[in-house]
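# Give me the fold of what follows.
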Amino acid sequence: MARLEYRLYEEGSSEFPLLYYYDRIERDEIALRFACDYLVKEGSVYEKTSNAVEDGCYVIYVKQAEDEKIVPFWGKPDGALPEGIKLELREYREFTTDYRLVYTFSFADSLEAMLHLSANYLYADGREWNRTSTEIDEDRETFVFYAEPSA
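Here you go, the predicted structure:
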């Protein structure tokens, strides 16, 4: 088990206040979180600026995402899905805040989840999807892969 910290990054500042921490977290989950561009927690959206491996601690630096908002009517992934790590594939479209749910993956294996989360392309709904960003949504207990359909 390891320690993971989320620290607030502010341009021009030499201090990085601690936002959140996890004292006993599996390294597999840390790797999944390192792969995400955004964090949604307690109704706020944060954008990753960088991450680091320090002595005895993993760190993700984030800033408040000014142009991103939570979508209050998106619920948690379907409870009928098998147990495991959930990953939603959502269709990204500019100038909208409601991204259509294309497919929800469920993984029993964190390595399989990591391979999907870090992929440039996923295949679902009969087509290829090109990743635009990824997030961990702690409020809804899922990872999200935002993508545009390939031409």
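# For the protein, which segments are assigned as helices?
Using DSSP state H, the helices found in the chain span residues 27-34, 110-117.
# The first one vs helix 110-117, what angle?
What that stands for is helix 27-34. In terms of direction (axes from the mean of the first three to the mean of the last three C-alpha atoms, to 10 degrees), helix 27-34 departs from helix 110-117 by 10 degrees.
# For helix 27-34, buried residues please.
Going by neighbour count (16 or more other C-beta atoms under 10 Å), the buried part of helix 27-34 is Glu29, Ile30, Ala31, Leu32, Arg33, Phe34. Bear in mind the C-beta positions are built from the backbone N, C-alpha and C, glycine included.
# Make TSV out of these and add pLDDT and distance to Arg7.
Conversion of the buried residues of helix 27-34 to TSV gives the following (pLDDT from 0 to 100; distance: C-beta to C-beta, whole Å):
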residue	pLDDT	distance to Arg7
Glu29	95	18
Ile30	97	14
Ala31	97	18
Leu32	97	18
Arg33	98	13
Phe34	98	14
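# right, and out of those, which lies closest to Val144?
Leu32 (12.0 Å; C-beta to C-beta).
# Does that closest one touch Glu112 like I think?
No: using C-beta atoms under 8 Å as the test, Leu32 is too far from Glu112 to be in contact (11.0 Å).
# any chance you could map the strands in the chain?
For the chain, strands defined by DSSP state E occupy the ranges 2-8, 18-25, 38-41, 44-54, 57-64, 85-91, 101-107, 121-124, 127-137, 142-149.
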